[in-house]
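Colleague: fold the following for me, if possible:
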Amino acid sequence: MFQAISNILAIADLRRRLLFTIMALAIYRIGFHIFLPGVRLEVLADVKANAEQNSDGLLNFIAMTSMLTGGQLSQAAVFSLGIMPYISASIIFSLMTKVFPKLEELQKEGEAGRKVINRWTRYSTVLLCLVQSLLVVQWVASPDSGSNGQAISDSGFAIGLLQVMVLTAGTLFLMWLGEKITENGIGNGISLMIMAGIVSSFPASILSFGAQWGQLEPEARPFFVLKLLSLVTFFLAVVAAVVFITKGQRRIPIQNARTVRGAGGQRHYMPIRVNSAGVLPIIFAQSLLMIPGMLLNIMGATTLGQLLAFGSFWYLTLYVLMILFFTYFWTSLYYNPVEISNNMKEHGSFVPGIRPGHRTAEYLQQVFSRITLAGAVFLAVIALIPMLVTSELGVNSFAAQMLGGTGILIVVGVALDLVDKIEAQLLARQYEGFVAPRRKRSGVGMRDH
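Modeller: All right, here's what the predicted structure looks like:
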């Protein structure tokens, strides 16, 4: 590993890209310390405390989702929204290109078509920014947002409009900054900013345990140490499981009919990731489950609202079922067994032992279904971990989410992708990477892809 770091610093282009990435992420973090105009800093702590205690509220969900997408709502800063609006718009258009044939044709036109879709995505981002920033401003300006009064000194229309425009401009700047990191830095800029936003919340989550230690009686501290050790062990186990599932894949052997007829035919592989849907099913499920409970509370149906309250039996049941559904739905959009089978048949490729055409499509569908089920169950378990940690160990819900749930899933995935990209850069320049080089296997014509 130390040799790999030395190799990175020895390559001028890689060193320049690394420095650019670090500087861009530093700018990204500085923006969270530039507060909105008219904000009373002494009230922000009360606003954050109220948001953490209100686990059923709409704005608590917005705060959590914003934090998981590179923002920190409770700071009322220029970059508080993060890049959540851009991610939401990108997801919407990704789904629409698979549902609407005209958009799919536009995407297949090449660079020109993708530019049109990207332009529409940016327009949608601006619209979402305006809506979400308006919610943020209304929440912070609410008289009940903090125990010391309003967090905004002037709740007039002019200052509110200025704050909405500042929040919108902050997200658009982050969108531009992420593209520049992708072009001139290392890794995907948007993903790196999301990871930086999540990692920045780790110290506060860890310090919260120190605050609990100071409030404990001496006889209760041994039990607290035991709970803390259990949490650390659990956290390490979750990280190991996330790495295993994220890197895990099923490789389907593929052979070409032309090479089989000759000597030394080559066998390739079609890799299928266990968790190809990523964290999106969890975000979709959280979004949809928030709406019924909110509407029932508005209509005064408190009994039904309690049935769908956060952490209730019906909430958890629907949560798991929706994660399973969205995992299958998202995977089906990007893995079409019939289309893959037809493409293989056109190029003279086949799965050994499986007849090309309809039989291959059935086989691929069976493999996709089994792999997707494993990934869906894994996502459901990851999504339930924060609730389990909160109820059983008495950990703050925000800390539990960051130390053992969706946040870890995102951080580990982005970190592994970054390591893979650096590894590819080093190997392309004949340098040793992070992973020790594999020995070539003996045999004729065997190659992994």
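Colleague: switch to C-alpha atoms for all contacts and neighbour counts from now on
Modeller: Fine.
Colleague: list the residues that contact the nearest residue in space to N342 that is not next to it in sequence.
Modeller: Excluding the flanking residues, the one nearest N342 by CA to CA, 6 or more residues apart in numbering is G357, at 6.5 Å. Applying CA atoms under 8 Å, 6 or more residues apart in numbering, we find G357 in contact with 341-342, 345.
Colleague: I'd like those residues as CSV, with secondary structure and pLDDT appended.
Modeller: Shown next, in CSV, are the contacts of G357 (DSSP: H, G, I helix; E, B strand; the rest coil; pLDDT from 0 to 100):
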residue, secondary structure, pLDDT
S341, helix, 89
N342, helix, 88
K345, helix, 85
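Colleague: tell me what whichever strand or helix holds D417 is packed against?
Modeller: Following DSSP states H and E, one finds D417 within helix 406-428. Here helix 406-428 touches helix 189-199, helix 221-247, helix 358-393, going by 3 or more CA pairs under 8 Å, 6 or more residues apart in numbering; DSSP states H and E.
Colleague: for the helix or strand just after the shortest one, which positions count as buried?
Modeller: The helix or strand immediately downstream of helix 189-199 is helix 202-215, counting by DSSP H and E. Neighbour counts over helix 202-215 (16 or more other CA atoms under 10 Å) mark S205 as buried.
Colleague: surely S124 touches I87?
Modeller: No. Taking contacts as CA atoms under 8 Å, S124 lies outside contact range of I87: 10.5 Å.
Colleague: those two: who's more crowded?
Modeller: Between S124 and I87, counting by other CA atoms under 10 Å, S124 is the more crowded of the two (18 against 15).
Colleague: what comes into contact with stretch 343-351?
Modeller: Contacts for stretch 343-351 (CA under 8 Å, 6+ apart): 252-258, 356-357, 360.
Colleague: give me the buried entries from these.
Modeller: Those of those that meet the buried threshold are 254-256, 356-357, 360, by 16+ other CA under 10 Å.
Colleague: in this structure, what spans have low per-residue confidence?
Modeller: Within the chain, the ranges that satisfy pLDDT under 70 run 1-2, 4, 41-74, 142-155, 257-267, 287, 290-305, 309-311, 392-404, 430-449.
Colleague: ok so, going back, hey, C-alpha coordinates of the helix holding D417 in PDB?
Modeller: The C-alpha trace of helix 406-428 is given here as PDB (Å, rounded to 0.1, in the frame of the first residue of the first chain):
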ATOM      1  CA  THR A 406     -27.100   3.700   4.300                       C
ATOM      2  CA  GLY A 407     -24.300   6.000   4.900                       C
ATOM      3  CA  ILE A 408     -21.800   3.200   5.200                       C
ATOM      4  CA  LEU A 409     -23.200   1.600   2.100                       C
ATOM      5  CA  ILE A 410     -22.500   4.800   0.100                       C
ATOM      6  CA  VAL A 411     -19.100   5.500   1.700                       C
ATOM      7  CA  VAL A 412     -17.800   2.000   1.100                       C
ATOM      8  CA  GLY A 413     -19.100   1.900  -2.500                       C
ATOM      9  CA  VAL A 414     -17.500   5.200  -3.400                       C
ATOM     10  CA  ALA A 415     -14.200   4.400  -1.700                       C
ATOM     11  CA  LEU A 416     -14.000   1.000  -3.500                       C
ATOM     12  CA  ASP A 417     -14.700   2.700  -6.900                       C
ATOM     13  CA  LEU A 418     -12.000   5.400  -6.200                       C
ATOM     14  CA  VAL A 419      -9.400   2.700  -5.300                       C
ATOM     15  CA  ASP A 420     -10.300   0.800  -8.600                       C
ATOM     16  CA  LYS A 421      -9.800   4.000 -10.600                       C
ATOM     17  CA  ILE A 422      -6.500   4.800  -9.000                       C
ATOM     18  CA  GLU A 423      -5.500   1.200  -9.500                       C
ATOM     19  CA  ALA A 424      -6.300   1.300 -13.200                       C
ATOM     20  CA  GLN A 425      -4.200   4.500 -13.600                       C
ATOM     21  CA  LEU A 426      -1.200   2.900 -11.900                       C
ATOM     22  CA  LEU A 427      -1.400  -0.300 -13.900                       C
ATOM     23  CA  ALA A 428      -1.800   1.600 -17.100                       C
END
